[in-house]
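In: sequence first, predicted model second:
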Amino acid sequence: MLPEIDVYAANVLPKEEFAVSGHRACQGCAEILAVRLALKGFGRDTILVMATGCMEIISTPLPTTDWRLPWIHVAFENAAAVASGVESALKILMSKGKVEKKDIHVVAIAGDGGTSDIGLQALSGALERGHKFTYICVDNEAYMNTGIQSSSLTPYGAATTTTPVGKKSIGQSTWKKNMPKIVAAHNIPYVATACPSYPFDLINKVKKARMVNGPSYIHILSVCPTGWRIPSDQAIRYGRLAVETGVFPLYEIVNGKYSLTYNPEPLRHMVDYFNGQGRYRHLTVKTISKIQERVNLDWKRLKYLCGLK
């Protein structure tokens, strides 16, 4: 069971910063905001294991770093494997008295490609072994760092450099993989979705993940103005629209039990979300209707899992 979190205390943001200024993120990047908020929830006794990706590239220009925590850069595909090794090493060192016995939490961070594509095998293995660590997927819905190529978390219909729009192409032709559900199938204690547009919800979930005696997973929607083709001051707005339309629901799965943490009903129409996003400007009324039907169906399924009518 997860301990109850004092709602008032959780809604007071810690002042200490662990992701500081000086990074080279694009203007309006919601991903660095997501990581900054998450680290406030994890606190000082934390070790970061970070896969190659946007956050790694923008935060560590040699010889400086923007992290005020122990930080390890690893390959694109093995953040979860390295995190499980660090967690095991800490246990051994503490048992031998070489490291002070204390609650040091290990956090692995990777993007959508490093999580749902080339990192999925390592993640599955770490979850199956039951290591005590938190895995965070910062999902900006494409391989943004290397040129906006599609991943298995790129939404249906979105234009990327590898799924360009043409006479016979509408962009991404497959539906976004449901990573939280895939992770939940490993029967781990805690799975959640979050978005920095809802900061207190995000931090509350991080604090719950921190308390879990075993693996925990948080999937964070990280709006990317560059890849989504939106103005740099609109990331928070589009994060909210993703939640309000049901495209990215906020929920958690505690020991297999689903529950919504924010219910935006009545859902806004998908047009509100698509408007202004350059990656969707080619969509026809017919395609938008098809996507709307899928979103409505997924929303019904989620409500059913949460015990809601």
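Out: Right, received. Where do you want to start? Numbers count the residues shown, from 1 in each chain.

In: part of a strand, is residue 41?
Out: No - membership of residue 41 in a strand is not supported by DSSP: H, G, I helix; E, B strand; the rest coil, which gives helix.

In: just to check, it is in contact with residue 210?
Out: Yes - counting by C-beta atoms under 8 Å, residue 41 does reach residue 210; the two are 6.7 Å apart. All C-beta spots, glycine's among them, are computed from the backbone N, C-alpha and C.

In: residue ranges with poor pLDDT in the stretch 1-150 of the chain?
Out: Across the stretch 1-150 of the chain, the ranges flagged by pLDDT under 70 are 1-12.

In: okay, strands next: where are they in it?
Out: Applying DSSP state E, counting those that start in this stretch to the stretch 1-150 of the chain gives strands spanning 46-51, 71-74, 105-111, 134-139.

In: try the stretch 151-300 of the chain
Out: So, for the stretch 151-300 of the chain - with DSSP E, counting those that start in this stretch - the strands run 165-166, 169-170, 190-194, 216-221, 250-254, 257-262.

In: among the ones you listed, which is nearest residue 228?
Out: Residue 228 sits nearest to strand 216-221 of all the strands of the stretch 151-300 of the chain, at 11.1 Å, using C-beta to C-beta.

In: check which helices and strands that closest one is in contact with.
Out: helix 30-42, strand 134-139, helix 179-184, strand 190-194, helix 199-211 (3 or more C-beta pairs under 8 Å, 6 or more residues apart in numbering; DSSP states H and E).

In: now the third one: buried residues?
Out: Read that as helix 179-184. Using 16 or more other C-beta atoms under 10 Å as the test for burial, helix 179-184 gives 179-180, 182-184.

In: and which of these is nearest to residue 157?
Out: residue 179 (19.0 Å).

In: can I assume that closest one is in contact with residue 153?
Out: Yes - judged on C-beta under 8 Å, residue 179 makes contact with residue 153 at a distance of 6.8 Å.

In: any common contacting residues for these two?
Out: Both residue 179 and residue 153 are contacted by 115-116, 139, under the criterion C-beta atoms under 8 Å, 6 or more residues apart in numbering.

In: before we move on, back to that, let's have the strands of the stretch 1-150 of the chain in TSV, adding distance to residue 255.
Out: TSV is the format used below for the strands of the stretch 1-150 of the chain (distance: least, C-beta to C-beta, whole Å):
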stretch	distance to residue 255
strand 46-51	24
strand 71-74	29
strand 105-111	19
strand 134-139	16
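
In: sorry, back to before: which two among the buried residues of helix 179-184 are spaced furthest apart?
Out: 179 and 184 (9.5 Å).

In: what ranges does the stretch 1-150 of the chain have for its helices?
Out: In the stretch 1-150 of the chain, the helices defined using DSSP state H, counting those that start in this stretch lie at 7-10, 30-42, 54-59, 79-95, 112, 120-129.

In: looking at these, which is closest to residue 20?
Out: Using C-beta to C-beta, the helices of the stretch 1-150 of the chain put helix 30-42 closest to residue 20, at 8.6 Å.

In: now do that closest one against strand 134-139, angle only.
Out: Per axes from the mean of the first three to the mean of the last three C-alpha atoms, to 10 degrees, the angle that helix 30-42 makes with strand 134-139 is 160 degrees.

In: what residues sit buried inside stretch 273-292?
Out: 273-274, 276-277, 279-280, 282-283, 287-288, 290-292.

In: do the same with stretch 100-108
Out: Neighbour counts over stretch 100-108 (16+ other C-beta under 10 Å) mark 104-108 as buried.
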